[in-house]
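Q: Just the structure for this:
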Amino acid sequence: MTGMLASVNTIDEALWVLNAGVDIIDLKEPANGALGALEPETITTIVKRINGKRPISATIGDLPLEPETITATVNRIAKTGVDYIKIGFFPQGDPLSTLQSLVPATQQGTKLVAVFFADQPMELALIPALKKHGFYGAMIDTADKESGSLRQVISEEMLQSFINQCRQQQLFCGLAGSLSLADIPFLTRLNPDYLGFRGALCHAHQRTEKLDPFAFKAVKEQLAKNS
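A: Residues are numbered from 1 along each chain as shown. Reported below is the predicted structural model:
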């Protein structure tokens, strides 16, 4: 069954999606980019308020894959107590050296999730290396939210290949990227562990607007219908 991840950026939103029955609460600041990060103090406060009632993920920001920068940021976010930390695998930087630098964190139990971007060059050949270096999961998202939904920038065949590779490596996997109600029937049949939403849950489907209870209900019902 495919779960529902909802991205939020305030305590009130986090509590609202908790009560609405979301599967994963994702903390990020949409106004600051694809993986815009919240302040660690805000993340810590939300983690304390949720108090283990749902898994929580958090992004580290749109950062290049530079080992020192990524490792320092991951260690800082890990102190907040989130369950998963999402790291963008942007084309810039040194992915293999970054993976190596994160081994101490994964050995200490930090659950890291690599985020690839369908509208940028993706190195999906790194998936076995993610497992080797202790990553918990991987997902595909979009970097430019104006470029269209995930299904508009990548084929279902490629998405299925990604999911199959994650399954082979026993990695938790998800799909996101300006997803709409119409995308749900197509993507759930690929059987990812979760689908991630922000814009589809907001007023006027604008990811920087506030959550819309009616939009949230429609997405949740469509996901339940197709899972």
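
Q: Could you give the backbone dihedrals for residue 85?
A: Note on residue 85: backbone dihedrals following degrees, to the nearest 10 are phi -120, psi 130.

Q: And for it, the neighbour number?
A: Residues lying near residue 85 (other Cβ atoms under 10 Å) number 23. Bear in mind the C-beta positions are built from the backbone N, C-alpha and C, glycine included.

Q: need the contact list for the residue lying closest to residue 37 once chain neighbours are set aside.
A: Leaving aside its sequence neighbours, residue 37 sits nearest to residue 61 (Cβ to Cβ, 6 or more residues apart in numbering; 3.9 Å). Residues near residue 61 by Cβ atoms under 8 Å, 6 or more residues apart in numbering: 32, 33, 35, 36, 37, 73, 88.

Q: Sitting in helices, which of the residues you listed do you find?
A: Secondary structure from DSSP state H places residue 73 of these in helices.

Q: Reformat the contacts of residue 61 as TSV; add distance to residue 56 and neighbour count.
A: Shown next, in TSV, are those (distance: Cβ to Cβ, whole Å; neighbours: other Cβ atoms under 10 Å):
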residue	distance to residue 56	neighbour count
32	18	15
33	20	17
35	15	23
36	16	16
37	14	22
73	17	18
88	18	23
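
Q: Checking residue 6 next. Helix, strand or coil?
A: strand (DSSP: H, G, I helix; E, B strand; the rest coil).

Q: How about residue 195?
A: strand.

Q: from what I can see it touches residue 184, true?
A: Yes - assessed by Cβ atoms under 8 Å, residue 195 is found in contact with residue 184 at 6.9 Å.

Q: what residues are shared contacts of these two?
A: Contacts common to residue 195 and residue 184, judged by Cβ under 8 Å, 6+ apart, are residue 223.

Q: So for these two, which sits in the more crowded spot?
A: Between residue 195 and residue 184, counted using other Cβ under 10 Å, the more crowded position is residue 195 (27 against 24).

Q: residue contacts, that one?
A: Residue 195 neighbours (Cβ under 8 Å, 6+ apart): 2-5, 174-176, 179, 183-184, 187-188, 223.

Q: State whether residue 86 is indeed within a strand.
A: Yes - the assignment for residue 86 (three-state DSSP) places it in a strand.

Q: Test for you: state the pLDDT assigned to the residue nearest to residue 37.
A: Looking at residue 61, its pLDDT is 96.

Q: helix, strand or coil for the residue lying closest to residue 169 once chain neighbours are set aside?
A: Leaving aside its sequence neighbours, residue 169 sits nearest to residue 131 (Cβ to Cβ, 6+ apart; 4.0 Å). State at residue 131, reduced to three classes by three-state DSSP: helix.

Q: Quick check: chain neighbours aside, which residue is closest to residue 43?
A: In space, residue 43 is closest to residue 80, 4.2 Å off (Cβ to Cβ, 6+ apart).

Q: what's near enough to touch residue 96?
A: With Cβ under 8 Å, 6+ apart, residue 96 has these contacts: 126, 129.

Q: Much appreciated, bye for now.
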